[in-house]
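A.B. asks: predicted coordinates and the sequence they were generated for:
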Amino acid sequence: MTEIFDLRLTSEACHYFRPGEASVYGGFCSVKLPGSDPRLTVIAEAERQEWIRSGCGIVLGWSIERHYSRGEIRSAELFRLIPTSRFEPTGEECGTEYDITDVCPDCLAGRIQRSDLVLDLRKLPKRGGFAVSLGGEIVVSHETAEQLIDAKLTGFGLKPVRHRTSKFTGPLQLETVPAGRELLAQAEGAGLSAHQASFYVWLNRPENASVFDRAMSEAGVHHAAQTAGKPLPVWYQLVAEGAPVVIDGRTRFGINPLNDDPAKQFRCARGHTAGLSGLSEISVLRSSWDGRDFCVTDRRVGYHPPDSLVYPEPLLLISTRFRSFLEKHGARGLRTEVAYLVSKE
């Protein structure tokens, strides 16, 4: 594996680089360096000193590109799934109900979603596929949901996503009207229950559309929300099921690749949030993974700025089967890195 550090630094850091090596834009410079470059140690010390002096460092932005050989990809058992683009508005802005009664007082991790996810479906990617909101809510289009089920991937549930003006509240409402009970009976005949991930996907198949619309009409609500006369696309929330995997202590967290946050400014004393960002590849305890294709970590990363809609999020992990699925279907807005299964230290 090779690493490339893509750094945006204050303009004062330009003297570390040869003419033409860094791009200068007003008050900052941009440069890409291999992870083995000895200047990174020097820049890291400058970053540390600036944090001590002013409370903010010389690193204004960063990313790490990790490149793997074919052999490293073939031998990997687990991968980190990293969203590379986000959409808004978030579910919270659109009316999704969250319970923050028991959130951590230190890092505010642990809010619980109490309602169906509500989004503005007009703002989701027109191409479909996977998408992640600024609030960390993961959704998949109807076509992708069908493909996930056909691939028999495990470790997740699929829940309905309502448009912000829709009032459909899920399978319990179907039981209250004749057409809804008809649908539930058909689902039972197909070997499905209303609590399975595949139920909502089955519910939105074309052959069930007329009965579903009739059920919603009988219930006095509108299922097929429309904009400009066209039905909105159907999306589902992808929710991890099962116990989270345990992050091993060899995984690095911090503010940026040159700042491990020695003052623990963004680390939760109660252990819920590991840091502002993951800085290294992720290692998890092998004993905590049961082979599921999709799972999340026990600790989170991130920060909840005051009055923001962003909260610490768990890291996402997928199996080789899930990664092959993403490659086969050309998933966009996501990238993967190798994650490691390790024994206890």
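C.D. replies: In hand now; what should we look at?

A.B. asks: need the helix or strand of the protein with the lowest average pLDDT.
C.D. replies: Within the chain, no helix or strand scores below strand 226-227, which has a mean of 48 by mean pLDDT, DSSP states H and E.

A.B. asks: partner strands of the next helix-or-strand element following it and their direction?
C.D. replies: Following strand 226-227 in sequence order, the next helix or strand is strand 230-231 (DSSP states H and E). Taking DSSP bridges as the criterion, strand 230-231 forms sheet pairs with strand 226-227 (antiparallel).

A.B. asks: got a pLDDT number for the most far-flung residue of the chain relative to its centre?
C.D. replies: Largest separation from the mean C-alpha position in the chain: residue 19, at 39.1 Å (C-alpha atoms, centre = their mean). Residue 19 is assigned 85 on the pLDDT scale.

A.B. asks: one more: the one 3 residues further on?
C.D. replies: Reported pLDDT at residue 22 in the predicted model: 87.

A.B. asks: repeat for residue 189
C.D. replies: Reported pLDDT for residue 189: 85.

A.B. asks: OK, contacts around it?
C.D. replies: Contacts for residue 189 (C-beta atoms under 8 Å, 6 or more residues apart in numbering) come out as none. Backbone N, C-alpha and C define where each C-beta goes, glycine included.

A.B. asks: helices along the stretch 201-345 of the chain, start to end?
C.D. replies: Shown for the stretch 201-345 of the chain, the helices assigned by DSSP state H, counting those that start in this stretch span residues 209-218, 320-328.

A.B. asks: ok, of those, where does mean pLDDT dip lowest?
C.D. replies: The bottom spot among the helices of the stretch 201-345 of the chain, by mean pLDDT, belongs to helix 209-218, with a mean of 77.

A.B. asks: show me what it is packed against.
C.D. replies: For helix 209-218, the packing partners by 3 or more C-beta pairs under 8 Å, 6 or more residues apart in numbering; DSSP states H and E come out as helix 178-189.

A.B. asks: just the buried residues of the helix it packs on, please?
C.D. replies: For helix 178-189, burial by neighbour count (16 or more other C-beta atoms under 10 Å) applies to 179, 180, 182, 183, 184, 187.

A.B. asks: which residue sits closest to residue 203, ignoring its sequence neighbours?
C.D. replies: Once flanking residues are discounted, residue 203 sits nearest to residue 212: 6.0 Å by C-beta to C-beta, 6 or more residues apart in numbering.

A.B. asks: pretty sure that neighbour contacts residue 205?
C.D. replies: No: counting by C-beta atoms under 8 Å, residue 212 does not reach residue 205; the two are 9.3 Å apart.

A.B. asks: neighbour count for these two, which is higher?
C.D. replies: residue 212 (20 against 12; other C-beta atoms under 10 Å).

A.B. asks: quick one: that one and residue 175, what's the gap?
C.D. replies: 14 Å (C-beta to C-beta, to the nearest Å).

A.B. asks: equivalent analysis for residue 298, please.
C.D. replies: Distance of residue 298 to residue 175, given as C-beta to C-beta: 36 Å.

A.B. asks: the two: which has the busier surroundings?
C.D. replies: residue 298 (17 against 11).
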